[in-house]
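> Just to be clear, the model below is a prediction. Sequence and coordinates:
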Amino acid sequence: MLPNWFTQRTASAVSRREVLKLGAASVLGMSLPECIAAAAGKTKAAAKNVLVIYEQGGLSHMDTWDPKPEAYIDNRTPFKPIATRVPGMQFSELMPKTAMIADKLAVVRSMHHARGGADAHPNGTQYALSGAHPAAGALTMPDIGSIVSHVIGTECKYLPPYVMVPGNHEQAAETRTGFLPASTKVFKTGGRNVADPTWKLDGLIPRSENQGDRFGDRHGLRDALDRQQTNSSTSLSDVQGMDRFYDQAFDMLMSPKVSEAFDLKRESQKVRDAYGAGHRGACYLVGRKLIEAGVRFVTVDTRWPLLNDTPKGGNLNWDHHDHIYAKGTCELPGATGAGAGRYGIGHWVMMGSVDHAFAALINDLDQRGLLAETLVCFVSEFGRTPKINKAQGRDHWTHAYSIAFAGAGVRGGQVIGRTDREGGYVLDTPYTPEDYASTIYEKLGIDRAKPIYTSSNRPVFFGHLGEPIPGVM
C-alpha cells in the first residue's frame, strides 16, 4: 500500500492547477526544467553533501542545547545558560564558541521517540543512523548514508560515497546496509587516535607486490570472473552491486588523491589549532576534508581514546549514568559502574573539545564556501533524564532531546520546538528520527515517493514515516 502522503501522478498527467503553477513560476523567472519539477511536486536539492556529527551515548540536552535554569534545584545542571550571537537564544556555558555561531544553527529541542524501544545504545544508534525504528518492520532498514549512496551515488570516484570517521567502537557496529548491495556499505577509516601524527589508512595503500602490471592484471581477472558470474545463477543486481564495490576499491587504490583527503599534515597549524588539540578535533577536521573531496555522506563518530593523559577514560562517550558533573573521572565513590570509563561532561575531552571542534567546523566550511551546499547535522541517539539519579548521573531518556542543523539553506539563529521546565517532555512541534531522516532526503532532492528495491525486486519505501522538519527546510 502506498504511504498516505504519496500523490499518485505522473509527468504526463499534469492537472489544471499545475498548469497554472507553471505559468506563475515562469513569471517568477524559473527555467523550464525548474517549472516542470515544480509541477511534479519535486524540490530542487539544497544540499550536495551531508556531514553528520554523531556524538554517541545520549548527550545531555539540558547541559548543552536546551538549558533549564528553572528546573527543580536538586535536578538542575550546575552550568548556567549563556547568551549567543542571536538575541534570546541561549546555550549552556559549556558551549561558548558554539554560542558565537548560533546565527548559523537551527536547534531542534523537541526531538523524541514516538514509540517504545530504541532506548539502549545499540538499537538507539541504529535508529539514529537509519531514521527507522528497529522494530518498525520485518526488513532491516539501511543507514541513511547507504540509501543516499544507493540512490544518488557520488561525484567523487576515488572515495566511497559513505564514510565514517573513525567508526571503531562497539556502537559503530550498528551500521546497516539492510537489503541494499555491498557497494553501499559504509567505509570506516579506523584510527585509535586520529590526532596521532603517525595515523594513516594502511588499507588504502596497495601492497608493493600488487602494484604496476600485476595490479592491472588482477583488475582484468575480475572482469573475466564477472562475465562468468553473469552466466551463472547469480542475480544481475548482485553482480552490479559487486561491480560497483570493486570499482570503488580500484579507484581508491589507484588515485593519489586518496591519501590527500586523509592527510592532516596538509592543514595549517592555524586550522589545526582552531579545531582543538586531540582526537575529536582531528576527526571533525577529517570530516571537513572528506566533504571538500566530494564524499556524498560523511559521519563523524568520535569517542576520545584512552591515553596517558586520560586515566580511567576507557569509554569516553556521553553515557553519564554516574557523576555527570565530575571534574575528572566519573569513577568516584557511589558510582554504579554503569558510567565507568567516562569523564564529567564539563571536562575538555568531553564538551570542551566538542565546543571547540564544532564551532571551528562550521566556520571552516563557511569560509571555504562549502557550508552553502553541505547539510551539517549534530545528533545523538537520545537525551538524559531530567532527574539526577542516586549515583549523581543521568540515565537514558527518549522523551525529549535536542539536535542541530546548519548549512544547505537552513535558516540559522532559530530554535525549533520546546520542552517543559525540567527538559523532560516536549511541549510543542514534536519531531522524531523519522522526521530527521526525511529532512536529509528532502534536502538532497531525493524523491521519497519512489521506492528502492530488494534483490527479489520487492519495492520498499523509505522516509515515508516522517516529514521534513519545516523550520530546517
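Arrived safely, thanks for sending.

> In contact with H396, which residues?
Going by C-beta atoms under 8 Å, 6 or more residues apart in numbering, H396 touches 58, 119-120, 124, 382, 384-385. For glycine as for every other residue, the C-beta is placed from the backbone atoms N, C-alpha and C.

> if you set the cut-off to 10 Å instead, what comes out?
Contact analysis of H396 by C-beta atoms under 10 Å, 6 or more residues apart in numbering lists 57-58, 119-121, 124, 319, 321, 381-385.

> Over to D355?
Contacts of D355 (C-beta under 10 Å, 6+ apart): 64, 91-99, 276, 348.

> Please apply the same query to A136.
Going by C-beta under 10 Å, 6+ apart, A136 touches 115, 117-118, 127, 130, 434, 465.

> Am I right that G352 falls within a helix?
Yes. Judged by DSSP: H, G, I helix; E, B strand; the rest coil, G352 forms part of a helix.

> Just to check, it is in contact with A359?
No. In this structure, G352 is not within contact of A359 by C-beta atoms under 10 Å, at 11.7 Å.

> one step back: got a winner among the contacts of A136 for most neighbours?
In terms of neighbours by other C-beta atoms under 10 Å, the contacts of A136 top out with Y127 at 28 neighbours.

> So that residue, which state does it fall into?
Assignment for Y127 (three-state DSSP): helix.

> again with C377
Classified using three-state DSSP, C377 is strand.

> That one: neighbour count?
There are 23 residues near C377, going by other C-beta under 10 Å.

> hmm, back to that, quick check, nearest of the contacts of H396 to K265?
Ranked by distance to K265 (C-beta to C-beta), the contacts of H396 are led by G57 at 30.5 Å.

> Okay, that closest one and G287: tell me how far apart.
18 Å (C-beta to C-beta, to the nearest Å).

> rewinding a little: only the buried subset of the contacts of D355, as a PyMOL command please.
Only the buried entries of the contacts of D355 go into this PyMOL selection, using 16 or more other C-beta atoms under 10 Å:
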select buried, resi 64+91+92+93+94+95+97+98+99+276+348
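
> Give me the subset of the contacts of D355 lying in strands.
91-92 (DSSP state E).

> Including pLDDT and distance to A408, could the contacts of D355 go into CSV?
CSV is the format used below for the contacts of D355 (pLDDT from 0 to 100; distance: C-beta to C-beta, whole Å):
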residue, pLDDT, distance to A408
T64, 98, 23
F91, 98, 22
S92, 98, 26
E93, 98, 29
L94, 98, 27
M95, 98, 22
P96, 98, 26
K97, 98, 22
T98, 98, 19
A99, 98, 22
G276, 97, 25
W348, 97, 31
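
> would a markdown table of the contacts of D355 with distance to R303 be doable?
Shown next, in a markdown table, are those (distance: C-beta to C-beta, whole Å):
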| residue | distance to R303 |
| --- | --- |
| T64 | 17 |
| F91 | 23 |
| S92 | 21 |
| E93 | 24 |
| L94 | 18 |
| M95 | 20 |
| P96 | 23 |
| K97 | 21 |
| T98 | 20 |
| A99 | 25 |
| G276 | 16 |
| W348 | 15 |
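
> ok, so of the contacts of D355, who is nearest T175?
Looking across these and measuring by C-beta to C-beta, the closest to T175 is T64, at 24.9 Å.

> could you list every residue that touches that closest one?
Per C-beta under 10 Å, 6+ apart, neighbours of T64: 55, 77, 79, 91-92, 94-95, 98, 107, 318, 345, 351, 354-355, 378, 380, 383-384, 401-402, 404.

> same check, this time on P142
129-130, 132, 148-150, 162, 175-180, 184-186, 452, 460, 462.

> Assess the claim that G117 and F382 are in contact.
No. In this structure, G117 is not within contact of F382 by C-beta under 10 Å, at 11.4 Å.

> how far does stretch 280-293 sit from the chain's center?
With C-alpha atoms, centre = their mean, to the nearest Å as the basis, stretch 280-293 stands 13 Å off its chain's centre.

> per-residue confidence for the residue lying closest to A400 once chain neighbours are set aside?
Distance criterion C-beta to C-beta, 6 or more residues apart in numbering; nearest residue to A400, sequence neighbours excluded, is T419 at 4.7 Å. Note on T419: pLDDT of 98.

> Near T419, how many other residues are there?
Neighbour tally, T419, other C-beta under 10 Å: 26.

> so it bridges to which residues?
V426 (DSSP bridges).

> Check whether D435 really touches R448, as I assumed.
No. Counting by C-beta under 10 Å, D435 stays clear of R448, with 11.9 Å between them.

> okay, the two: which has more neighbours?
Neighbour totals were compared for D435 and R448, and D435 leads with 22 against 19 (other C-beta under 10 Å).

> so what's the more buried one up against?
When contacts are counted by C-beta under 10 Å, 6+ apart, D435 touches 108, 110-111, 114, 131, 463, 465-470, 472.

> how does it look with 8 Å?
If you count contacts by C-beta under 8 Å, 6+ apart, then D435 has 466-469 around it.

> Equivalent analysis for V271, please.
Per C-beta under 8 Å, 6+ apart, neighbours of V271: 285, 360, 364.

> need these in TSV with pLDDT and secondary structure, can you?
Shown next, in TSV, are the contacts of V271 (pLDDT from 0 to 100; DSSP: H, G, I helix; E, B strand; the rest coil):
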residue	pLDDT	secondary structure
L285	98	helix
A360	98	helix
D364	98	helix
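
> From these, list just the buried residues.
Applying 16+ other C-beta under 10 Å to the contacts of V271 flags 285, 360, 364 as buried.

> Let me know the closest of the residues you listed to A71.
A360 (30.7 Å).

> Would you agree P96 is in contact with P81?
No. Applying C-beta atoms under 8 Å, one finds P96 not in contact with P81, separated by 11.7 Å.

> what's the neighbour count on K312?
K312: 15 neighbours (other C-beta under 10 Å).

> hang on, it packs against L332?
No. The criterion here is C-beta under 8 Å, and K312 misses it with L332 at 10.2 Å.

> Quick one: the helices in this structure, in order.
16-27, 32-39, 96-99, 121-130, 144-152, 213-230, 236-254, 257-262, 269-275, 279-293, 353-367, 433-443 (DSSP state H).

> remind me which residues of the stretch 151-300 of the chain are low pLDDT?
202-255 (pLDDT under 70).
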